[in-house]
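J.: here's a sequence, model it:
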Amino acid sequence: MKKHFITLTAIFLSVAFITACGQKETVEAVKEVALTTENKTTVSINNGTTTVEANVSTYAIDGLSTPESVVVRNGAIYVANIGGNPGESAGKGFITEYKNNTTKQLFLGLLDDPKGFAFLDDDTIIVSDHPNVKIIKISTGTVLATVAIDTPGFMNDLVLLDNKTALVSDTGKGLVYKVSIPANKASLSYVTVAGITENGINGLAFDKNTKTLYFVTSTFGGDATRGHIFQATLNADYTTASALTKWNTDQLGAGGLDGLVLVNGKLVISDWGINGAKNAAHVYVFNADRSLALSVNGMISGVADITVDNGIVYLPEFTQNQLTSIDLKEYL
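T.: This is a model prediction of the structure:
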């Protein structure tokens, strides 16, 4: 997620307002846009030998407002929205749920600057909501626990290591926080992971089998030389990293690396592009041997924290207030 942005105004086309479980929600019937002649777009995929085309599906989800991250869960799509400029959005954040051709705006008034998030179970999420980390129950729309991070730079991605531990990146300070989650989910605590200090730490991914943490750095931390992949080994309680290694790659794209997903041994990475300009974003896929499998560019803009589900890469386009997806099943 980028540190400096132009102000974006969201247009909400609401057809009904309801109050349920003490939570105000906007409900709208939507459907995925058909890829007609008018709205079909393609991207170029360079896998080192040939260039092919893939369809970009744009979802007709009204009300997205600076969408920053996305999670797919039980057939539903969840998108975290900052709702304005980061750092200037107190009380404006929310999460959009798209399920069964219907959208809902969840947690209105409960979130300030939501970015990375994950599901602890089907009814509970944990979210990096600068300057806090929060646990929120979906069915009741209530905050179960909050922990304030001490003077963070700007908190960003979140990755769940197990049912009692999450890691959160601080892009502004170049730190990673270990957040501890008790079984009852009623409180949170955190420590700074020792052994990791890299300017502009953004996207996080974790290999549970090898205890390897992958992360990308970004120019969003104020260093124009950033834009690389790192990995480190975490100790048994995830408080210390060792064997920190920078991959021997040139700066990727414009250096604005953001989302990171580990899937089938491959790393999928999003690059914001130059200032989030229209059609300037990229997606990269790296093999386990650190070689570039392919790069994607074309009709995608300001791509933030991505997710991958069944070979489909979901892309929140921060600067366009929309969610798109690219089918990369053949490559993932």
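
J.: name the nearest residue to residue 256, ignoring sequence neighbours.
T.: Across the structure, with Cβ to Cβ, 6 or more residues apart in numbering as the measure, the residue nearest residue 256 apart from its sequence neighbours is residue 272 (3.2 Å). Placement of C-beta: from N, CA and C, glycine included.

J.: count the neighbours of the one you found for me.
T.: Here the neighbour count serves as a burial measure; for residue 272 (other Cβ atoms under 10 Å) it reads 30.

J.: tell me the pLDDT of the residue positioned nearest the centre of the chain.
T.: Within the chain, the residue whose C-alpha comes closest to the C-alpha centroid is residue 305; the distance, by Cα atoms, centre = their mean, is 2.5 Å. The score at residue 305 is 97. That number is its pLDDT.

J.: go ahead and confirm the residue nearest to residue 256 touches residue 258.
T.: Yes - counting by Cβ atoms under 8 Å, residue 272 sits close enough to residue 258 to count as a contact (5.4 Å).

J.: can you list residues touching both of those two?
T.: By Cβ atoms under 8 Å, 6 or more residues apart in numbering, residue 272 and residue 258 have these common neighbours: 2, 218, 220, 303, 304.

J.: now for these: which two are most distant?
T.: Pairwise distances among those were taken by Cβ to Cβ; the largest, 13.3 Å, belongs to 220 and 303.

J.: any shared contact partners between these two?
T.: By Cβ under 8 Å, 6+ apart, residue 220 and residue 303 have these common neighbours: 258, 272.

J.: which one's more surrounded, the two?
T.: The residue with more neighbours, out of residue 220 and residue 303 and counting by other Cβ under 10 Å, is residue 303; that gives 29 against 24.

J.: in contact with the more buried one, which residues?
T.: By Cβ under 8 Å, 6+ apart, the contact list for residue 303 reads 258-259, 270-273, 281-283, 315-318.

J.: show me the contacts for residue 201.
T.: With contacts defined as Cβ under 8 Å, 6+ apart, residue 201 is in contact with 156, 169, 170, 171, 174, 175, 176, 215, 216, 217, 218, 221.

J.: can you put those in a markdown table and add neighbour count?
T.: Rendered in a markdown table, the data for the contacts of residue 201 read as follows (neighbours: other Cβ atoms under 10 Å):
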| residue | neighbour count |
| --- | --- |
| 156 | 32 |
| 169 | 33 |
| 170 | 25 |
| 171 | 29 |
| 174 | 19 |
| 175 | 19 |
| 176 | 26 |
| 215 | 28 |
| 216 | 31 |
| 217 | 27 |
| 218 | 30 |
| 221 | 22 |
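
J.: single out whichever of these has the smallest pLDDT.
T.: Least confident by pLDDT among the contacts of residue 201: that is residue 221, with 90.

J.: wait, that residue touches residue 199, no?
T.: Yes - in this structure, residue 221 sits in contact with residue 199. The criterion is Cβ under 8 Å, and the distance is 4.5 Å.

J.: find residues that contact each of those two.
T.: Common contact partners of residue 221 and residue 199 (Cβ under 8 Å, 6+ apart): residue 174.

J.: please report the distance of residue 107 from residue 190.
T.: 21 Å (Cβ to Cβ, to the nearest Å).

J.: who has more neighbours out of the two?
T.: The residue with more neighbours, out of residue 107 and residue 190, is residue 107; 25 against 17, by other Cβ under 10 Å.

J.: got a list of what the more buried one touches?
T.: If you count contacts by Cβ under 8 Å, 6+ apart, residue 107 has them with 23, 93, 94, 95, 136, 141.
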